[in-house]
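Q: Please find the sequence and the predicted model below.
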Amino acid sequence: MYESNIDLDAVTAIDTHVHIEADDCGHAALPQPLLDAADAYFKRTGPSPTIDQIAEYYRELSMVAVVFTVDSETNMKTRPNSSEEIARGAARNNDVLIPFASVDPLQGEKAVHKARTLVEEFGVRGFKFHPSTQGFAPNDEQFLPLFTQLEAYGLPVVFHTGQTGIGAGMPGGFGIRLSLSNPMFLDDLAARHPYMPIIMAHPSVPWQDEAIAIATHKANVWIDLSGWSPKYFEPKLVQAARTYLQDKVLFASDYPAIKPERWMRDYAGLGLPDEISQKIFKTNAARLLKLV
């Protein structure tokens with residue numbers, strides 16, 4: 001059972017978006033052609049780090065990492081990585097890791113039951129969904145039982161939004177539909193489940209205006225800044241983070257796709273005031289994750 005042992009005063013930042021791409025036996029949750037295309041898209045080489053390697057890496061950086069996988073078993077027809085194993089790995093590294101889980105919405109009641117088990121028996125602190133790879137529209141009423149259950153727990157739920165590197169450059173994008181990751185689906189979900197904290201992951205290219213509008217309008221919606229170097233952020237996103245959304249924007253790297261050191265280096269070029277950066281790096285996430 002995971003219990004946090006994080007000393008907030010000792011860490012400089014909370015990275016709210018870190019992927020566990022392969023389990024301790026080397027199993028990957030996506031087909032190999034997709035992994036190869038993603039490596040080419042992000043220009044990276046080498047094996048995916050294990051959860052213990054990620055923990056040590058973030059320990060050296062004096063950062064905390066929110067870690068998760070994505071369960072796309074039905075749509076991708078591949079066995080998922082184990083959220084239970086991720087929770088166990090986070091428990092043995094509870095000074096730097098916070099476990100989120102993933103369930104496959106297309107599995108109906110099985111997904112609801114698994115979500116209960118992951119919260120009540122393993123102590124996960126949130127959930128991650130990727131509508132495009134999981135092949136579902138978050139606002140479809142057939143998923144009402146799942147999101148009603150998650151709302152009851154009051155834990156943060158991360159949704160991929162916008163463009164994805166998964167399937168990028170492949171014929172037909174490997175059948176992956178970007179339209180399912182339009183943040184407007186999450187506006188419907190946030191209205192229906194007002195006490196479920198929703199994190200819209202990534203600058204929502206090409207729907208940045210929509211994401212900013214939703215985060216502004218819905219008290220239960222945040223934006224994480226993962227998956228893109230800050231030097232490519234649209235000026236409207238930077239301005240929102242500087243002003244009226246400064247309490248609802250979260251530092252996130254998308255590691256191992258993007259290293260947090262590179263993200264931080266490029267972020268420095270945005271010129272945001274230190275007091276706002278402190279909110280983005282740590283304060284906002286600490287509040288959302290109930291670490292304070």
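A: Arrived safely. Numbering: from 1, shown residues only.

Q: Would you map the strands across the chain?
A: With DSSP state E as the criterion, the chain has strands at 13-19, 63-68, 97-99, 127-129, 157-160, 198-201, 221-224, 249-250.

Q: Turn the ones you listed into TSV, including distance to Gln53 and mean neighbour count.
A: The C-beta positions use only the backbone N, C-alpha and C, and glycine is treated the same way. Below are those laid out as TSV (distance: least, Cβ to Cβ, whole Å; neighbours: other Cβ atoms under 10 Å):
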stretch	distance to Gln53	mean neighbour count
strand 13-19	12	26
strand 63-68	12	26
strand 97-99	11	27
strand 127-129	20	26
strand 157-160	22	24
strand 198-201	23	27
strand 221-224	23	24
strand 249-250	24	26
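
Q: could you dump those strands to CSV with distance to Ala40 and mean pLDDT?
A: Output for the strands of the chain, formatted as CSV (distance: least, Cβ to Cβ, whole Å; pLDDT from 0 to 100):
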stretch, distance to Ala40, mean pLDDT
strand 13-19, 17, 98
strand 63-68, 23, 98
strand 97-99, 28, 98
strand 127-129, 23, 98
strand 157-160, 19, 98
strand 198-201, 21, 98
strand 221-224, 24, 98
strand 249-250, 28, 98
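
Q: so which of these gets nearest Ala257?
A: Nearest to Ala257, of all the strands of the chain, is strand 13-19, at 7.3 Å by Cβ to Cβ.

Q: other SSEs contacting that closest one?
A: helix 51-61, strand 63-68, helix 260-267, helix 284-288 (3 or more Cβ pairs under 8 Å, 6 or more residues apart in numbering; DSSP states H and E).

Q: From Val11, how far off is Thr45?
A: Thr45 is 29 Å from Val11, where distance means Cβ to Cβ, to the nearest Å.

Q: Compare neighbour counts for those two and give me the winner.
A: Between Thr45 and Val11, Val11 has the larger neighbour count (other Cβ atoms under 10 Å), namely 21 against 7.

Q: export the strands of the chain to CSV and tack on distance to Pro183?
A: Shown next, in CSV, are the strands of the chain (distance: least, Cβ to Cβ, whole Å):
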stretch, distance to Pro183
strand 13-19, 16
strand 63-68, 19
strand 97-99, 24
strand 127-129, 13
strand 157-160, 8
strand 198-201, 5
strand 221-224, 9
strand 249-250, 14
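
Q: Out of those, flag the one nearest Leu272.
A: That would be strand 249-250 among the strands of the chain, by Cβ to Cβ, at 9.9 Å.

Q: So which residues make contact with that closest one?
A: Here strand 249-250 makes contact (Cβ atoms under 8 Å, 6 or more residues apart in numbering) with 14, 16, 199, 222-225, 240-241, 279-280, 284-285, 288.

Q: In terms of distance to Gly173, which of those ranks first?
A: Minimum distance to Gly173 across the contacts of strand 249-250 is 22.8 Å, recorded for Asp224 (Cβ to Cβ).

Q: who's in contact with the closest one?
A: Taking Cβ under 8 Å, 6+ apart, we find Asp224 in contact with 16-17, 158, 199-202, 249-252.

Q: Now do the helices in the stretch 51-200 of the chain.
A: Using DSSP state H, counting those that start in this stretch, the helices of the stretch 51-200 of the chain run over 51-61, 73-76, 83-91, 109-120, 131-134, 144-153, 184-192.

Q: Minimum distance to Gln32: which of the ones you listed has it?
A: Smallest distance to Gln32 across these (Cβ to Cβ): 11.6 Å, for helix 73-76.

Q: Show me the contact partners of that closest one.
A: Counting by Cβ under 8 Å, 6+ apart, 29-31, 34, 79-80, 104, 106-107, 133-136 sit against helix 73-76.

Q: what's the most buried one of the helices of the stretch 51-200 of the chain?
A: helix 131-134 (a mean of 24; mean count of other Cβ atoms under 10 Å).

Q: tell me which strands and helices that helix is in contact with?
A: For helix 131-134, the packing partners by 3+ Cβ pairs under 8 Å, 6+ apart come out as helix 73-76, strand 157-160.

Q: Please convert these to JSON lines, extending it with distance to Phe143.
A: Listed next are the helices and strands packed on helix 131-134 as JSON lines, based on distance: least, Cβ to Cβ, whole Å:
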{"stretch": "helix 73-76", "distance to Phe143": "13"}
{"stretch": "strand 157-160", "distance to Phe143": "12"}
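
Q: Out of these, which gets nearest to Pro99?
A: Smallest distance to Pro99 across those (Cβ to Cβ): 12.5 Å, for strand 157-160.

Q: Distance from the chain centre to that closest one, please.
A: 5 Å (Cα atoms, centre = their mean, to the nearest Å).
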